[in-house]
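1. Sequence isn't available, so here's the structure alone:
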């Protein structure tokens, strides 16, 4: 029997400060947007946004350390969330449930070539429970 593995790793910048929230069962979580860049043939850059969720103590630490513009590494599992868009149509979005993350520092500190006091590695738990699907209160997406 063959086995499979669902894993995705990205390195990118936070689009805004993480906001610590709680799931309906009281588990801390952050939902963040990570921007990655891709250079197309011909030299044009394209930015791709990834929605990442981090849960538990790892989410608490992420919210304390990382800020808008922080360069971070995220490793986790891809899942798909279905929701109704503002226009009433059904939408489907790939998201990452972050298991492990590393903070590489703040953009401003790197540009000034200063050491960053907030760099660190964190390994955390995934979405609690056996169902790793989307959190039901995540219907406030901008599309």
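-> That came through fine. Computed from a predicted structure; not experimentally measured.
2. okay, CA-based contacts and neighbour counts for the rest of this
-> Fine.
3. what packs against the longest strand anywhere in the chain?
-> Ranked by residue count, the top strand of the chain under DSSP state E comes out as strand 90-105. Counting contacts by 3 or more Cα pairs under 8 Å, 6 or more residues apart in numbering; DSSP states H and E, strand 90-105 packs against strand 45-55, strand 71-84, strand 120-123.
4. ok, 10 Å please
-> Contact here means 3 or more Cα pairs under 10 Å, 6 or more residues apart in numbering; DSSP states H and E; on that basis strand 90-105 packs against strand 8-14, strand 28-39, strand 45-55, helix 57-65, strand 71-84, strand 120-123.
5. now it against strand 28-39, angle please.
-> When axes from the mean of the first three to the mean of the last three Cα atoms, to 10 degrees is applied, the directions of strand 90-105 and strand 28-39 differ by 90 degrees.
6. Mind listing what's buried along strand 90-105?
-> 95, 96, 97, 98, 99, 100, 101, 102, 103, 104, 105 (16 or more other Cα atoms under 10 Å).
7. swap in stretch 14-21?
-> Residues of stretch 14-21 classed as buried: 14, 15, 17, 18, 20, 21 (neighbour count, 16+ other Cα under 10 Å).
8. circling back: what lines up beside the longest strand of the chain in the sheet?
-> Using DSSP bridges, the strands paired with strand 90-105 in its sheet are strand 45-55 (parallel), strand 71-84 (antiparallel), strand 120-123 (antiparallel).
9. Residue 15 reaches residue 52, doesn't it?
-> No. Using Cα atoms under 10 Å, residue 15 is not in contact with residue 52; the gap is 11.5 Å.
10. if I look at the two, which residues touch both of them?
-> Counting by Cα atoms under 10 Å, 6 or more residues apart in numbering, the common neighbours of residue 15 and residue 52 are 32, 33, 34.
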